[in-house]
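Requesting a structural model of the entry that follows:
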Amino acid sequence: MSKGQQFDMSDFIKNSDGTFSKRKTVEQPREVKLKQQGYDDPRLNNVSLNKSFVEHKPKRQTRELLQNQLWIENNKSFGLCCQQLGISPQYIIDMPPFPAPRMSRSDQWKTDPNHKDPKKRQRVCVTRYWANKNRLMEICAKSGYNLTPVLNIAFFVEMPESWSMKKKREMLFTKHQQRPDRDNYLKAFQDSFPFDDGFVWDGRSLKVWSDKPMIVIF
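I've put the predicted structure just below:
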């Protein structure tokens, strides 16, 4: 010990023989530690938890809470985003934008995704494309939207799950400048309607990053 240094005796206890030994720290239960770290889950009370739940489950729950908190903050900035983009939302279609796959001749007769012959099965991308088209038509029917000669549309593409929360905050409502192409999203949207879309002659389309995927008609 250097000269003048204070020695804290609160960390030591006096034994019966007059010697001193270092005080043993009491290890807190894992449930208490988790609550101190912010993992306040009612299922932690009076429940015998295994190691996998304690180490992984609260982390996933915390990530979901952070994502929900981020979306609440985004709702406040969504109006500002629309002002910056120069759009005034008329319809908000709550589903992810989807691109149109490049069709081949075999897609005309490969209509069964569960065919026993793998070579005659419908491609996965085509099956997903038709499912998205049907879902889009259901949402449009409920909201009362129909295709118009002037189509102004914005595609809000979901940010990848692998991105950190910091990167998601930085990229929120910024330009989406990678594949799928903008005209690919637009083609898939227009072709979803069960009639010829050749009467659409004017409009504006754009795509931006978002944590909640959706299609906005403005």
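
Which parts of this protein are helices?
Using DSSP state H, the helices of the chain run over 30-36, 51-85, 124-143, 165-171, 182-191.

Put the alpha carbons of the fourth one into PDB.
Once side chains and other backbone atoms are set aside, the C-alpha atoms of helix 165-171 remain, and they are given as PDB (Å, rounded to 0.1, in the frame of the first residue of the first chain):
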ATOM      1  CA  MET A 165     -30.400  -0.700 -34.600                       C
ATOM      2  CA  LYS A 166     -27.900   2.100 -35.200                       C
ATOM      3  CA  LYS A 167     -27.800   1.400 -38.900                       C
ATOM      4  CA  LYS A 168     -31.600   1.100 -39.100                       C
ATOM      5  CA  ARG A 169     -31.900   4.500 -37.500                       C
ATOM      6  CA  GLU A 170     -29.500   5.900 -40.000                       C
ATOM      7  CA  MET A 171     -31.100   4.300 -43.100                       C
END
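
Show me what it is packed up against.
helix 51-85 (3 or more C-beta pairs under 8 Å, 6 or more residues apart in numbering; DSSP states H and E). Every C-beta, even on glycine, is put in place using the N, C-alpha and C of the backbone.

what number of residues lie near residue 173?
The tally of other residues near residue 173 (other C-beta atoms under 10 Å) stands at 18.

these two touch, right, it and residue 77?
Yes. Look at residue 173 against residue 77 with C-beta atoms under 8 Å: they come within range, at 7.0 Å.

wait, what's in contact with the closest residue to residue 132 other than its chain neighbours?
Leaving out its chain neighbours, the residue that sits closest to residue 132 by C-beta to C-beta, 6 or more residues apart in numbering is residue 98, at 4.2 Å. Each residue near residue 98 by C-beta atoms under 8 Å, 6 or more residues apart in numbering is listed here: 128, 129, 132, 185, 188.
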